[in-house]
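Novice: quick one: sequence and predicted model below, then my questions.
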Amino acid sequence: MSAPALSKTVPISTIEISANNERSVATAAWLFAVAAIVLAMVVVGGATRLTGSGLSITQWDPIAGAIPPLNPRAWAQAFDLYRATPQYRLVNRGMSLGEFQFIFWWEWSHRLLGRLLGVVFFAPFVALLATRRLPRRLIWRCAVLFFLGGLQGAVGWWMVKSGLEARVSVAPERLATHLGLALILFVSLIWTGLEAWRGPARAARRDGWTWASSALALGVFLQCLLGALVAGNKAGLIDNDWPLMAGRFVPDDYWAGGLWSTLAHNASAVQFNHRFLAYALLAGGLAMAVSAQVRRTTPPPVRRLAVLAAGLLTVQVMLGIGTLVWGVPLAMALAHQATAALLLATATTFAWRARRI
């Protein structure tokens, strides 16, 4: 009688590299960590805008700019550069050095997170490539994500420059572009991380949930861009009644004489557009949640994600109303922005899961 064959223990690293390198938990964890840094950047960027700090650093130096002023002379030089800006001359004239340092640290922290993002992305990317733990089908996607991160830094400086020449704040459309690119990076990291975590789908789903979840994700993204236009135009500081605007459903001064002027630069119009899309998203999200519960054929993960998205939509609308009627308090405004990003992450996961059987 022959001796039984000895079983072999296969290392986890071998499993991750096998099966055509289809999936990798390490890659997923890395991408989700990078997405968390992007989320932090969005929130800190919101605080930078709300505190009027975005124009406090008037130069773009990706390397040396990581070191803040370390002595009185360096602080005086940084303050002198800021005092040459229109924002200081027309808005903050007479600001003390201590007040300047307050806004400087917000902007510096925002830029530091951007630098940290580059390091946290690039170093593990190289390590995962070297150890062949990065799924081959995701290598090109990760390379595109790295490019988007670098582009985001350049767009950020392009945005800041708009407020250093003839304006006292950044151009609203550039602010929306900056935020929009950050959110594209954010959702792409989440989507790619999910692909690394679960591997390729056994089959693709094409049904009503596919289209409904995609429409929800796109709508939430567009709503975030409208929120950036509201912020850029300081539209949250006017028409602070609700549910009407200055006693009317559509404000009297909605039309500004041109399509671009109305949609991008008219405070009343951008606030109305932001409100209207919020109502539409809430109605659609609640309808999807109810439908997911009623339809017995709805897969449990889809059902749970539909309910979670509807819950976050409800919270987000309530935060938006509170932020408006109470005059944009900092803590509530930041909660509104953070919840928007979490809602977008949920909608993205919903759209991803709805495509997989």
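Specialist: The structure has been received and is ready for your questions. What you see is a predicted model, and the numbers here were worked out from it, not measured in a lab.

Novice: what helix or strand is Q59 on?
Specialist: Under DSSP states H and E, no helix or strand contains Q59.

Novice: so it sits right up against G65, yeah?
Specialist: Yes - at 6.9 Å, Q59 counts as touching G65 under the criterion of C-beta atoms under 8 Å. Yep, even glycine has a C-beta here, placed from its N, CA and C like the rest.

Novice: now G232: closest residue in space that isn't a chain neighbour?
Specialist: P172 (2.8 Å; C-beta to C-beta, 6 or more residues apart in numbering).

Novice: could you do H178 as well?
Specialist: The nearest residue in space to H178 (C-beta to C-beta, 6+ apart) is M159, at 4.6 Å.

Novice: I'd guessed that neighbour sits against L179; true?
Specialist: No - in this structure, M159 is not within contact of L179 by C-beta under 8 Å, at 9.3 Å.

Novice: who has more neighbours, the two?
Specialist: L179 (27 against 21; other C-beta atoms under 10 Å).

Novice: could you check how far that one is from Q337?
Specialist: The gap separating L179 from Q337 is 9 Å, by C-beta to C-beta, to the nearest Å.

Novice: who touches both of those two?
Specialist: By C-beta atoms under 8 Å, 6 or more residues apart in numbering, L179 and Q337 have these common neighbours: 42, 227.

Novice: any weak-confidence spans in the stretch 151-300 of the chain?
Specialist: Scanning the stretch 151-300 of the chain for pLDDT under 70 picks out 203-205.

Novice: residue ranges for the helices of it, please.
Specialist: Along the stretch 151-300 of the chain, counting by DSSP state H, counting those that start in this stretch, helices occupy 172-198, 208-232, 259-265, 267-294, 300-325.

Novice: what's the angle from the last one to helix 208-232?
Specialist: Comparing the axes of helix 300-325 and helix 208-232 via axes from the mean of the first three to the mean of the last three C-alpha atoms, to 10 degrees yields an angle of 20 degrees.

Novice: elements contacting helix 300-325?
Specialist: Applying 3 or more C-beta pairs under 8 Å, 6 or more residues apart in numbering; DSSP states H and E, we find helix 300-325 packed against helix 208-232, helix 267-294, helix 330-354.

Novice: how about it: buried residues?
Specialist: By neighbour count with 16 or more other C-beta atoms under 10 Å, helix 300-325 contains the buried residues 302-303, 305-310, 312-313, 316-317, 319-320, 322-324.

Novice: now swap in the third one and tell me
Specialist: Neighbour-count burial for helix 259-265, counted by 16+ other C-beta under 10 Å, picks out 262, 264-265.

Novice: what about the helix or strand hosting R73, average pLDDT?
Specialist: R73 is part of helix 72-83, with elements assigned from DSSP H and E. For helix 72-83, mean pLDDT rounds to 95.

Novice: next SSE after it?
Specialist: Going down the chain from helix 72-83, the next helix or strand is helix 86-90, by DSSP H and E.

Novice: which positions in that next one come out as buried?
Specialist: Quick answer for helix 86-90 (16+ other C-beta under 10 Å): 87-88.

Novice: helices and strands around the following helix or strand past it, which ones?
Specialist: Later in the chain than helix 86-90, the nearest helix or strand by DSSP H and E is helix 97-130. Using 3+ C-beta pairs under 8 Å, 6+ apart, the elements in contact with helix 97-130 are helix 25-50, helix 72-83, helix 136-161.

Novice: show residues contacting stretch 164-172.
Specialist: For stretch 164-172, contacts defined as C-beta under 8 Å, 6+ apart pick out 52, 54-55, 58, 85-87, 90-91, 159-160, 162-163, 228-229, 231-234, 264-265, 270.

Novice: which ones are touching the residue nearest in space to the middle of the chain?
Specialist: Central residue of the chain (C-alpha atoms, centre = their mean): L183, 3.6 Å from the mean position. For L183, the contact set (C-beta under 8 Å, 6+ apart) comprises 42, 221, 224, 341, 344.
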